[in-house]
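Novice: Predicted model and sequence follow; I will ask about them next.
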Amino acid sequence: MRIGFSSIYAWRPHVEHLHYLAGLAREAGHEVSFLTCDADLDTCYTKELRPERSHAMHCARCRIGGLRSFESRGVHSIGRLADDRVALPGQASEWSRSSASTLGRFESDADFASDSFQALAQRLDGPTRRSHGAALRWIERERLDALCLFNGRMDATRGVLEAAQTAGVPFVSVERTWFGDGLQLLPGENCLGLRSVDAMMRGWRDRPLTRTQALKAASHVASRFLRRNGKEWRAYNLSAKSTDWPVARAMRRVLLVPGSRNEVWGHPDWRTQWPEHTVAFDALMDHLGLAPDDVVLRCHPNWGERIGAADGSKAERYYSEWAARRGIHCIASTDPTSTLGLIERSDAIVVCGGSAALEAGVLGKQVIAVAPSVYQQAGFQSDADSPEALRQLKLHAALDDATRARHAEHIARQTLRFAHTMVYRVPQFVDQVRCISTTHYEYREGADPMRFPELLRSGVLQADDADHASDTAGEDEVLALIAARDWNTLLEAAPGPVAAPRRTVQRRWLLRPIDRLRDALPRGDL
């Protein structure tokens, strides 16, 4: 096969990951070609993210750290290939809207109907179309049989993905994984796709974990409870303080933990049957007969942080104003109250696709989901993602002790299995691509070079770890440690990675100092 690799942006560690995969493709006997941006776009996600920097500075940084810093041959640029005469599908005007959503951190329907959202999407429309036309000519000229591209949802990267679909060639999107190790490779989907993740969850949720697998999965949860999860792209609430439940007169303790709608807005896999999350919250309270004193809303710590030029005030204002109208206690995004402490003291948490379900579920708490998520097929959530599903919902805290205990045990077990599948089965090459820090990786020998081309051919994601146990004895031992909240033991008992020789993956020698300079920058959207 002739395989194309595209990374429009120079963000770490994605360019390095593409270079690694290109190396595997070469080992398997395939030819490779590359597509990048050589200051060819008038604007893009990076430029819009930090508009205070000059376009020249953005482009210089991106070119220095891009694909050409790893590859010296077979690298093509958007500018040399762009053809504005290429006919575009009717939905092309939608391609830049996901980028605009995240850049402006829009949240409500009113936000998405605003002039500022429309203007931002329109600014990104031309560059997105330009990358589509260039990628289409690249595919045709290089006679590419398949593509591997970074992200696939944001403006120029979306243009490349759409070019693959227009040309009818199979593609895989690559992204950083949740906890860092391995690569997120989704065949036929952009980085937000849920088809492969859902299939993996369904296939493994009923198979017990070995003791080793259970310990490895639990160690990631333990790192969150101990606030030692430094390999996640963003870690929140690190200086949090545990407090009592903030409403002393509450009859029930239901914690609302909304996420940022802008991060998944517009993707069909993440679409709910509720018009907005607050509509779902209203219906949930009515159905369960919850009084305002029974509910606490925890604003996401992310909303108190600035990402590029945008802060999270739109989301915080949207939810806090709703809480004020309902008379619900609201905890601000910048408040040091521990979200984990609130989860520990709650009867149930309500999530909109966020990762707080991991901690809540492993503690056996009822997780009520009003929106899609990576765990929607894992078997531990209570579905409330539509009016029909809500009608079947019961609050576990209202059940008898024995039934409640059975639910809690089931939820904790299924969440543990979800954690293992999400960290060790969905990601590929987990033993070979090892995260040292958010932007630092090391690579080990031992990867089967045929697995990546086979993924492109088949379009079916295979579990990176296909082992499982014949009984629940290993899981039971680990679940007992979780029930005892023995997080230190769980973190220390987890086995380390498999020993293997190091594989050299690095920039061309003149450009290697780039990473030492970049290490001085804060982690985040680099």
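Specialist: Yep, it's here.

Novice: From residue 390, how far out is residue 279?
Specialist: 11 Å (Cβ to Cβ, to the nearest Å). Quick note: C-beta positions are derived from backbone N, CA and C, even for glycine.

Novice: Looking at the two now, which is surrounded by more residues?
Specialist: Neighbours were counted for residue 279 and for residue 390 using other Cβ atoms under 10 Å; residue 390 has more, 21 against 14.

Novice: wait, isn't that one in contact with residue 286?
Specialist: No. Using Cβ atoms under 8 Å, residue 390 is not in contact with residue 286; the gap is 9.4 Å.

Novice: CA-only coordinates of the helix or strand where residue 479 lies in CSV, if you can.
Specialist: Per DSSP states H and E: residue 479 is located in helix 473-483. Output in CSV follows, covering the C-alpha atoms of helix 473-483 (Å, rounded to 0.1, in the frame of the first residue of the first chain):
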residue,chain,number,x,y,z
ALA,A,473,-11.3,-13.9,41.8
GLY,A,474,-8.6,-11.4,40.7
GLU,A,475,-11.2,-8.7,40.3
ASP,A,476,-12.7,-9.4,43.7
GLU,A,477,-9.3,-8.9,45.4
VAL,A,478,-8.8,-5.6,43.7
LEU,A,479,-12.4,-4.5,44.4
ALA,A,480,-11.8,-5.2,48.1
LEU,A,481,-8.9,-2.8,48.1
ILE,A,482,-11.0,-0.2,46.3
ALA,A,483,-13.8,-0.6,48.9
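
Novice: Now do the residue lying closest to residue 375 once chain neighbours are set aside against residue 405, distance only.
Specialist: In space, and not counting its chain neighbours, residue 375 is closest to residue 418: 5.3 Å by Cβ to Cβ, 6 or more residues apart in numbering. Taking Cβ to Cβ as the measure, residue 418 falls 20 Å from residue 405.

Novice: now do residue 28
Specialist: Counting by Cβ to Cβ - residue 28 and residue 405 are separated by 51 Å.

Novice: And for residue 198?
Specialist: 29 Å.

Novice: neighbour-wise, which of those two wins?
Specialist: residue 198 (17 against 13).

Novice: what's the next secondary structure element after the helix or strand harbouring the more buried one?
Specialist: Using DSSP H and E, residue 198 sits in helix 195-204. Using DSSP H and E, the next helix or strand after helix 195-204 towards the C-terminus is helix 211-225.

Novice: Residue 439: neighbour count?
Specialist: 19.

Novice: With residue 400 instead?
Specialist: Residue 400 has 7 nearby residues by other Cβ under 10 Å.

Novice: cool, and residue 402?
Specialist: Counted with other Cβ under 10 Å, residue 402 comes out at 8.

Novice: thought residue 230 was touching residue 437?
Specialist: Yes. Judged on Cβ under 8 Å, residue 230 makes contact with residue 437 at a distance of 6.9 Å.

Novice: Just give the closest residue to residue 190, not the sequence neighbours.
Specialist: Nearest non-adjacent residue to residue 190 (Cβ to Cβ, 6+ apart): residue 152, at 3.3 Å.

Novice: what about that neighbour, which SS state?
Specialist: coil (DSSP: H, G, I helix; E, B strand; the rest coil).

Novice: Now do the strands in the stretch 301-450 of the chain.
Specialist: Secondary structure of the stretch 301-450 of the chain (DSSP state E, counting those that start in this stretch): strands at 329-331, 348-351, 366-369, 381-383, 433-435, 441-444.

Novice: want to throw those strands into CSV with mean pLDDT?
Specialist: Formatted as CSV, the strands of the stretch 301-450 of the chain follow (pLDDT from 0 to 100):
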stretch, mean pLDDT
strand 329-331, 98
strand 348-351, 98
strand 366-369, 98
strand 381-383, 98
strand 433-435, 97
strand 441-444, 96
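
Novice: Residue 12 is nearest to which of those?
Specialist: strand 441-444 (8.9 Å; Cβ to Cβ).

Novice: helix or strand right after the closest one?
Specialist: Defined by DSSP H and E, the subsequent element after strand 441-444 is helix 451-458.

Novice: Which residues does that next one contact?
Specialist: 1, 3, 21, 24-25, 28, 30, 146, 148, 170-172, 185, 187, 428-429, 461-462 (Cβ atoms under 8 Å, 6 or more residues apart in numbering).

Novice: so what's the spatially closest residue to residue 468 that is not a sequence neighbour up against?
Specialist: In space, and not counting its chain neighbours, residue 468 is closest to residue 207: 4.1 Å by Cβ to Cβ, 6+ apart. Neighbour list for residue 207: 417, 468, 469 [criterion: Cβ under 8 Å, 6+ apart].

Novice: cool, and residue 371?
Specialist: With Cβ under 8 Å, 6+ apart, residue 371 has these contacts: 259, 270, 272, 274, 277, 280, 351, 352, 353, 385.

Novice: can you check residue 48 too?
Specialist: 99, 103, 120, 123, 124, 308, 309.

Novice: Compute the distance between the last one and residue 296, please.
Specialist: Yep, that's residue 309 we're talking about. 31 Å.

Novice: Which one's more surrounded, those two?
Specialist: residue 296 (25 against 13).

Novice: Please name the nearest non-neighbouring residue to that one.
Specialist: Here the residue nearest residue 296, using Cβ to Cβ, 6+ apart, is residue 329, at 5.0 Å.

Novice: how much space between the one you found and residue 340?
Specialist: For residue 329 relative to residue 340 (Cβ to Cβ), the value is 18 Å.

Novice: Now for the residue minimising distance to the centre of the chain: which residues touch it?
Specialist: Among the residues of the chain, the one closest to the centroid is residue 178, at 6.1 Å (Cα atoms, centre = their mean). Residue 178 sits next to 232, 355, 422, 423 when contact means Cβ under 8 Å, 6+ apart.

Novice: Equivalent analysis for residue 463, please.
Specialist: 200, 203, 204, 421, 425, 426.

Novice: how long is stretch 322-342 end to end?
Specialist: Using Cα to Cα, to the nearest Å, one end of stretch 322-342 lies 20 Å from the other.

Novice: can you list contacts of that stretch?
Specialist: Here stretch 322-342 has contacts from 224-225, 236-237, 239-243, 245-247, 255-257, 278, 281-282, 285, 292-293, 295-304, 312, 316, 319-320, 356, 359, using Cβ under 8 Å, 6+ apart.

Novice: circling back to that earlier point, of the contacts of helix 451-458, which count as buried by neighbour count?
Specialist: Among the contacts of helix 451-458, those buried by neighbour count (16 or more other Cβ atoms under 10 Å) are 1, 3, 21, 24-25, 28, 30, 146, 148, 170-172, 185, 187, 428-429, 461.

Novice: Among those residues, name the ones in helices.
Specialist: The members of those that map onto helices under DSSP state H are 21, 24, 25.

Novice: which one among these gets closest to residue 381?
Specialist: residue 21 (33.0 Å).

Novice: The closest one reaches residue 148, doesn't it?
Specialist: Yes. Counting by Cβ under 8 Å, residue 148 is a contact partner of residue 21 at 5.8 Å.

Novice: any common contacting residues for the two?
Specialist: 5, 174, 452.

Novice: Which one of these is nearest to residue 491?
Specialist: residue 174 (28.8 Å).

Novice: wait, what's in contact with the closest one?
Specialist: 14, 17, 18, 21, 148, 149, 150, 151, 183, 184, 185.

Novice: change it to 7 Å
Specialist: Taking Cβ atoms under 7 Å, 6 or more residues apart in numbering, we find residue 174 in contact with 14, 17, 18, 21, 148, 150, 183, 184, 185.

Novice: got any ranges where the stretch 301-450 of the chain has weak pLDDT?
Specialist: Along the stretch 301-450 of the chain, segments meeting pLDDT under 70 are nowhere present.
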